[in-house]
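**Q** coords please:
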Amino acid sequence: MLDRLREAGVDRLDLLVVTHGQADHEGMAPAVLRAHRPRLLLNGGSGSGTPVQRRLASAGARSVVPAAGETVRLGRLELRILWPPAAAPGARPLEGDPNDRALVAHVRYGHFDLLLPADAESHVTAPLALPEVEALKVAHHGSADEGLPRELERIRPRVAVIEVGRGNSYGHPTKSTLAALRSVPHVARTDKDGTVRLRVAGGRMRLER
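**A** Residues are numbered from 1 along each chain as shown. Sure thing, here's the model as predicted:
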């Protein structure tokens, strides 16, 4: 991750988003905090009690726990939180599957819309007011998701990207997910395409593998 940020010419970060309390989504957060000093940490893993969360709590960065209905604006970029709902006052530490509480965000930049569901699959996202988007980060590394075909009909992305490790032991992305994604004009996957970049400028979107 640090190599990719260096390649992109990043020095200081405006925003670091931790989607939920699992090592493959929060594990590098302390290193990124040290190297790039984000102005704001949007911490979707807060309350999960993981070792990383304990380290983040003592890192001293300005931290906000995201909740549905909130919006973060950075210049022309707008990040709307669609999930999870705010925790009730005095709620007990989070229990159950962290994927079901993963931060779901709608990113808007001008007329470009991107849906970032992290690891929240369609049983979480189907009841949400999802927008039509130009691009989708496929949920949960391309795991089996029975509701994905219907969700794709709703959001109608032109580009879908699967973030998945090469040779992973989970069998991701699954055949059923790849079949559903045939309805999307352009599909990329990091296990085969390596680093994937989506550049948006001048009303145009360009996918780089």
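**Q** buried set for the worst-scoring helix or strand of the chain on mean pLDDT?
**A** Lowest by mean pLDDT, DSSP states H and E among the helices and strands of the chain is helix 51-57, with a mean of 87. Buried residues in helix 51-57, counted by 16 or more other CB atoms under 10 Å: 52-53, 56. C-beta coordinates here come from the backbone N, C-alpha and C atoms, glycine included.
**Q** what's that helix packed up against?
**A** helix 23-26, helix 29-36, strand 40-43 (3 or more CB pairs under 8 Å, 6 or more residues apart in numbering; DSSP states H and E).
**Q** for the first one, which outside residues touch it?
**A** The set of residues that contact helix 23-26 without belonging to it, under CB atoms under 8 Å, 6 or more residues apart in numbering, is 18-20, 45, 50, 52-53, 56, 102, 118-119.
**Q** could you rerun that using 10 Å?
**A** With contacts defined as CB atoms under 10 Å, 6 or more residues apart in numbering, helix 23-26 is touched by 17-20, 43-45, 48, 50-53, 55-56, 98-99, 102-103, 118-119, 141, 163, 165.
**Q** now do stretch 57-68
**A** Outside stretch 57-68, the residues touching it (CB under 10 Å, 6+ apart) are 15-19, 29-30, 33-34, 37-47, 56, 70, 72, 79-87, 103-105, 128-129.
**Q** that stretch: end-to-end distance?
**A** Start and end residues of stretch 57-68 are separated by 22 Å (CA to CA, to the nearest Å).
**Q** so how far is it off the chain centroid?
**A** Stretch 57-68 sits 17 Å away from the centroid of its parent chain (CA atoms, centre = their mean, to the nearest Å).
**Q** and if you look at stretch 181-192?
**A** That offset, for stretch 181-192, works out to 17 Å (CA atoms, centre = their mean).
**Q** before we move on, back to that, most tightly surrounded among the helices and strands packed on helix 51-57?
**A** Across these, the average number of neighbours (mean count of other CB atoms under 10 Å) peaks for strand 40-43, which reaches a mean of 21.
**Q** what's that strand packed up against?
**A** strand 15-18, helix 29-36, helix 51-57, strand 63-64, strand 71-74 (3 or more CB pairs under 10 Å, 6 or more residues apart in numbering; DSSP states H and E).
**Q** fine by me, thanks again.
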